[in-house]
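K.L.:
no sequence on hand, only this structure:
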């Protein structure tokens with residue numbers, strides 16, 4: 001193609017998120033409750049969950065989320081599919097079912113042709129169709145950088161939501177997709193070389209993993225996106241009042257991830273993730289490179305579930321808070 005979409009973005013995918021520490025400081029100012037909320041808030045701002053949830057009836061919760069980012073691949077259709085799968089993932093990470101979505105678009109209309117945007121939107125629509133989730137309208141602006149994503153509404157059982165604050169000690173931790181998406185996407189941005197496996201991973205819905213987690217009785221889960229496995233695991237452990245041990249050798253990676261790391265194609269977001277978690281991390285004997293991969297900023301990654309999921313590798317387990325040493329929340333071994 002004549003125009004490489006990734007060259008019009010300062011970052012790529014979920015690696016362009018505002019750093020976790022900065023984001024938490026901003027959100028901390030927004031916790032003043034309503035005097036008389038019209039509905040019961042089940043999941044709000046407190047624990048950094050993947051989506052918000054309110055109870056509508058005794059048996060029905062409405063789940064709401066939004067996610068958008070700059071191009072992560074050059075192919076516009078694939079970017080649309082990846083962005084849609086990533087937005088839908090927040091509903092699945094809560095154990096819900098998406099029921100409708102709307103598009104969010106920023107487009108440099110004097111720089112990139114409308115035909116490319118049409119392909120992006122088609123990719124998003126086709127991915128949402130796989131989830132049986134209609135895309136109904138949206139909002140667009142003229143913007144210096146191309147941006148695409150969705151706001152998604154879903155439903156779930158209020159008593160069976162997957163939450164950040166529901167992990168208990170003594171349970172296995174499962175990971176449903178391999179890591180390495182951040183370094184491989186950065187390699188693609190730098191060289192133009194495409195990883196078909198990375199695209200396949202990013203365009204796989206977390207629907208089946210979510211259903212398996214709920215059916216297995218799991219109560220705590222999150223998806224692994226911009227804050228990396230270590231960042232999202234730390235947030236879940238902190239919210240639940242537990243700690244976790246990670247078996248580094250059990251963590252799966254996409255082919256080529258280590259080569260992309262060795263070539264220096266590390267997103268700035270991955271390094272920031274590791275810096276953020278490091279004060280709460282024990283990793284004796286682990287190389288810096290291994291820790292960067294564990295903190296690598298993923299786009300449309302898998303689910304990290306406290307519980308055992310059929311077909312998904314167990315990459316660690318939860319332990320009691322304070323059992324790993326003073327201030328240590330996650331240990332990598």
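P.N.:
Ah, there it is. All values reported here derive from a predicted model rather than from experimental measurement.

K.L.:
list the buried residues for the helix or strand hosting residue 61?
P.N.:
Taking DSSP states H and E as the definition, residue 61 sits inside strand 60-69. Under the neighbour-count criterion of 16 or more other C-beta atoms under 10 Å, strand 60-69 has 61, 62, 63, 64, 65, 66, 67, 68, 69 buried. Quick note: C-beta positions are derived from backbone N, CA and C, even for glycine.

K.L.:
how near is the closest residue to residue 51 other than its chain neighbours to residue 148?
P.N.:
On the basis of C-beta to C-beta, 6 or more residues apart in numbering, the spatially nearest residue to residue 51 that is not a chain neighbour turns out to be residue 65, at 3.7 Å. Going from residue 65 to residue 148 by C-beta to C-beta, to the nearest Å gives 15 Å.

K.L.:
so the closest residue to residue 263 other than its chain neighbours: helix, strand or coil?
P.N.:
Nearest non-adjacent residue to residue 263, counting by C-beta to C-beta, 6+ apart: residue 187, 6.7 Å away. Assigned with DSSP: H, G, I helix; E, B strand; the rest coil, residue 187 falls in the helix class.

K.L.:
how is the most centrally placed residue in the chain assigned, secondary-structure-wise?
P.N.:
Nearest residue to the geometric centre of the chain (C-alpha atoms, centre = their mean): residue 225, 2.6 Å. Under three-state DSSP, the three-state class of residue 225 is coil.

K.L.:
surely it is in contact with residue 232?
P.N.:
Yes. At 7.3 Å, residue 225 counts as touching residue 232 under the criterion of C-beta atoms under 8 Å.

K.L.:
before we move on, the earlier item: burial measure for the residue nearest to residue 263, as a count.
P.N.:
24 (other C-beta atoms under 10 Å).

K.L.:
contacting residues for it?
P.N.:
Counting by C-beta atoms under 8 Å, 6 or more residues apart in numbering, residue 187 makes contact with 193, 195, 256, 260, 263, 265.

K.L.:
so which of those residues comes closest to residue 320?
P.N.:
In terms of C-beta to C-beta, no member of the contacts of residue 187 lies closer to residue 320 than residue 260, at 36.8 Å.

K.L.:
quick one: that closest one and residue 190, what's the gap?
P.N.:
Residue 260 is 9 Å from residue 190, where distance means C-beta to C-beta.

K.L.:
who has more neighbours out of those two?
P.N.:
Between residue 260 and residue 190, counting by other C-beta under 10 Å, residue 260 is the more crowded of the two (26 against 13).

K.L.:
next helix or strand past the helix or strand containing the more buried one?
P.N.:
Taking DSSP H and E as the criterion, residue 260 maps to helix 257-262. Toward the C-terminus, helix 257-262 is succeeded by helix 268-277 as the next helix or strand (DSSP H and E).

K.L.:
chain center to that next one: distance?
P.N.:
15 Å (C-alpha atoms, centre = their mean, to the nearest Å).

K.L.:
what pairs with the very next helix or strand once past it, and is each one parallel or antiparallel?
P.N.:
On the C-terminal side of helix 268-277, the closest following helix or strand by DSSP H and E is strand 281-282. Here strand 281-282 has these sheet partners by DSSP bridges: strand 330-332 (parallel).

K.L.:
residue 150 in helix, strand or coil?
P.N.:
Here residue 150 is recorded as strand under three-state DSSP.

K.L.:
give me the neighbour count for it.
P.N.:
Look at residue 150: counted by other C-beta under 10 Å, it has 29 neighbours.

K.L.:
so it bridges to which residues?
P.N.:
Counting by DSSP bridges, residue 150 is bridged to residue 67, residue 103.
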